[in-house]
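Student: sequence isn't available, so here's the structure alone:
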Ligand SMILES: [Ca+2]
Ligand SMILES: [Ca+2]
């Protein structure tokens, strides 16, 4: 385990988002998207639409982000652990 994981342990239960060298504390997850009883997702809305942050493996670090624009377009990115970088996985339009 590296230092980044320790950050998550210290604040306990918050989701951590690594974005281009910066680390964001997004607060505790509110939504359980896979119904395993453990909240794993939170959302953030703003002028550019809605962002959905998910910690799919429950290690406290965001590994999937879906950004939904005001026009219904969306773009999902997932954390590529092998290459230590975000990778665009899907784009499209809702509805
Ligand atoms: Ca869950
Ligand atoms: Ca994770």
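Tutor: All right, it came through fine. This is a predicted model, so every value here is computed, not measured. Ligands and ions are numbered 1, 2, ... in the order given.
Student: which residues sit in contact with residue 29?
Tutor: By Cβ atoms under 8 Å, 6 or more residues apart in numbering, residue 29 lies in contact with 13, 15, 39, 40, 41, 42, 55. (Glycine included, C-beta is placed from N, CA and C.)
Student: which pair of the residues you listed spans the longest distance?
Tutor: Greatest spacing in these, by Cβ to Cβ: 13 and 41 (13.5 Å).
Student: for the two, indicate the residue with more neighbours.
Tutor: Per other Cβ atoms under 10 Å, whichever of residue 13 and residue 41 has more neighbours is residue 41, with 19 against 11.
Student: any idea what the more buried one is bridged to?
Tutor: Using DSSP bridges, the beta-bridge partners of residue 41 come out as residue 31, residue 54.
Student: distance of it from residue 77?
Tutor: Residue 41 sits 15 Å away from residue 77 when distances are taken as Cβ to Cβ, to the nearest Å.
Student: how about residue 46?
Tutor: Distance from residue 46 to residue 77, by Cβ to Cβ: 17 Å.
Student: where does the chain have low pLDDT?
Tutor: Scanning the chain with the threshold set as pLDDT under 70 gives 1-12.
Student: how about the residues of it that lie near ligand 2?
Tutor: Residues of the chain lying close to ligand 2 by Cβ under 5 Å from the ion are 55, 57, 59, 61, 63.
Student: if we use 8 Å, what do you get?
Tutor: Within the chain, the positions lying close to ligand 2 (Cβ under 8 Å from the ion) are 55, 56, 57, 58, 59, 60, 61, 62, 63, 79.
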